[in-house]
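Q: Quick one: sequence plus predicted model below, questions after.
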Amino acid sequence: MAAISAKMVGDLKKRTGAGLMDCKKALVETNGDVDAAIKLLREKGLAAAAKKADRIAADGLVSVLKDGETVAMVEVNSETDFVAKNATFVEFVQGILRTIIAFKPATIAELNACKFDGTEYTVEETVKDKIYTIGENITLRRFVVVEGITSTYIHGNGCIGVIVKFDVDATVAESAEFVEFAKNIALQAGAYATPYLDRDHVPTSAIEEEKSVIMGQIKNDPKNASKPQNIIEKMAMGKLGKFYEENCLVDKEYIKDDNMKVSQYVASVAKALGTSIKIASFERFEKGEGIEKREDNLGDEVAKMLGK
């Protein structure tokens, strides 16, 4: 049987990221064959990943990477905040972003099939390796790639990520005034979870649903009992303004000056720069949004620990 040195174990750990004891066991099982040990660790990683697949991963982080006029944003979920702050996990997410920018996949399935940045393994294989070495379920939830003149914002160490795209002259976009303006718009988009850019982007179904709710409220008010239907409809349309203010980015109050709306701020900067500026689109990811987190019962957990 081959002698397993501490250096061999250390080198295998550097190459795989697996724990020292796992590396030593793998080398012992493969009689010191490093390549076979790596294969064995990967097989164990696949098995571990399969066991953890049903565990809820609602933490993690949102991250952004820009390369020229291409910017990518991704949400990668882990089970705990502790793992999300781990340097290995953070670098793994950056590797995902570099892979996205290099291959520009259209779907998660396409991304999973790409070769992970700087390696011979696919993204899917690399994720499973990370599940094994980190010890938590990890999922690639979503990503987006945006081309053009953009500004980005990350809040709270990856809690929220934003990409805002602008239609503006490229020369103007290089000015310090525009850069500051663009940062402010990205900050605005990060501060409020507005689902739509402007009124033109609100689906007709959403408007009709809100209008129906408002009309119901108006009709239930005794003061409006005698009002005809056409008047009630006009009243409802008037109240839709509040809906737009709460759900459209450009209709929100500007975060740094509540005396103007975002649209007015855009217009004022465009006028000052002597050009035309339009917010073309925006993307906003909030870590774990929509994922139902597991709620543990403390009493049940204590009883379980005590064997009851």
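A: That came through fine.

Q: ok, which stretches of the protein are helices?
A: For the chain, the helices defined by DSSP state H occupy 6-16, 20-29, 34-52, 81-84, 87-103, 108-113, 123-134, 170-173, 176-191, 204-219, 229-247, 262-273, 298-305.

Q: could I get those as CSV with distance to Ala280 and mean neighbour count?
A: C-betas here are computed from N, CA, C, even on glycine. CSV is the format used below for the helices of the chain (distance: least, CB to CB, whole Å; neighbours: other CB atoms under 10 Å):
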stretch, distance to Ala280, mean neighbour count
helix 6-16, 44, 15
helix 20-29, 49, 18
helix 34-52, 39, 16
helix 81-84, 31, 17
helix 87-103, 20, 18
helix 108-113, 24, 15
helix 123-134, 29, 22
helix 170-173, 12, 13
helix 176-191, 11, 18
helix 204-219, 21, 14
helix 229-247, 18, 14
helix 262-273, 12, 16
helix 298-305, 49, 9
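
Q: so which of the ones you listed gets nearest Val145?
A: For Val145, the closest of these is helix 87-103, at 6.3 Å, according to CB to CB.

Q: Taking helix 123-134 as reference, get the angle to the closest one.
A: Angle, helix 87-103 to helix 123-134, by axes from the mean of the first three to the mean of the last three CA atoms, to 10 degrees: 180 degrees.

Q: so what secondary structure elements neighbour helix 87-103?
A: In this structure, helix 87-103 packs against strand 61-67, strand 70-77, helix 108-113, helix 123-134, strand 139-147, with contacts taken as 3 or more CB pairs under 8 Å, 6 or more residues apart in numbering; DSSP states H and E.

Q: what's the least confident stretch among the ones you listed?
A: When these are ranked by mean pLDDT, helix 123-134 comes last with a mean of 84.

Q: Restricting the selection to alpha carbons, write that helix to CSV.
A: This file holds the C-alpha atoms of helix 123-134, laid out as CSV (Å, rounded to 0.1, in the frame of the first residue of the first chain):
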residue,chain,number,x,y,z
VAL,A,123,-21.1,24.7,-14.6
GLU,A,124,-23.5,21.9,-13.4
GLU,A,125,-20.6,19.7,-12.4
THR,A,126,-18.9,22.6,-10.6
VAL,A,127,-22.1,23.5,-8.7
LYS,A,128,-22.3,19.9,-7.5
ASP,A,129,-18.7,20.0,-6.4
LYS,A,130,-19.4,23.2,-4.4
ILE,A,131,-22.4,21.5,-2.7
TYR,A,132,-20.1,18.7,-1.6
THR,A,133,-17.2,20.9,-0.4
ILE,A,134,-19.3,23.6,1.2
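
Q: low pLDDT regions in the protein?
A: Applying pLDDT under 70 to the chain flags residues 1, 16-20, 42-58, 225, 292-308.

Q: can you list the domains in it?
A: 6-52, 54-147 (automatic domain parsing).

Q: so how far is the longest one from its chain's centroid?
A: Meaning domain 54-147. When distances are taken as CA atoms, centre = their mean, to the nearest Å, domain 54-147 is centred 10 Å away from the chain's centroid.

Q: And the helices of the chain: which comes nearest Asp59?
A: helix 81-84 (5.1 Å).
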